[in-house]
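**Q** Quick one, structure for this:
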Amino acid sequence: EVQLVESGGGLVQPGGSLRLSCVASGFNFSSAAMSWVRQVPRKGRERVAVISSGGGAQQYADSVKGRFTASRDNDKNTLYLQMDSLTPDDSAVYYCVKNGPGSWRTTDYEDWGQGTQVTVSS
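**A** Below you'll find the predicted structure:
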């Protein structure tokens, strides 16, 4: 059974930083491209970052480029999202997502974590 468990969300002031983590189990983590997807109530989902299976390639949404950094430790089966210079517009539930087969940048997702809430507010 695939499990993706996020942590690290919370309340942070504008301009602050948070680091999200996602511990994966139940599949070969080092062979899977992974994504971070966020969702705001009554708004659509937005993929903020995608990272290749080996971690050597990443891609970011324009809205977070230069502020967010995705990384992974395949020895620890853990995915990370470092979020800096946060703004209220970054407030959302952030999901760790296992990509489907094919291109590492696919938006065909196979499994989702339970999500972690990030709130940016003064």
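
**Q** What is the end-to-end distance of stretch 112-120?
**A** End-to-end span of stretch 112-120 (Cα to Cα, to the nearest Å): 23 Å.

**Q** tell me which residues in that stretch are buried?
**A** Applying a neighbour-count criterion of 16 or more other Cβ atoms under 10 Å, the buried positions in stretch 112-120 are G113, G115, T116, V118, V120. In short, each C-beta sits where N, CA and C put it, glycine included.

**Q** now do stretch 74-91
**A** Result for stretch 74-91 [16+ other Cβ under 10 Å]: buried residues N74, N77, T78, L79, Y80, L81, M83, L86, D90, S91.

**Q** what's the last one in contact with, if anything?
**A** In this structure, S91 makes contact with V40, V118, T119, V120, S121, judged by Cβ atoms under 8 Å, 6 or more residues apart in numbering.

**Q** Please apply the same query to Y109.
**A** With Cβ under 8 Å, 6+ apart, Y109 has these contacts: S35, V37, V97, K98, N99, G100.

**Q** Can you tell me the number of residues neighbouring R42?
**A** For R42, the count of nearby residues is 5 (other Cβ atoms under 10 Å).

**Q** Point to the residue nearest the middle of this structure.
**A** For the chain, W36 is the residue whose C-alpha lies nearest the centre (Cα atoms, centre = their mean; 2.4 Å).

**Q** what's that residue in contact with, if anything?
**A** Applying Cβ under 8 Å, 6+ apart, we find W36 in contact with 20, 47-50, 68, 70, 79, 81, 94-97.
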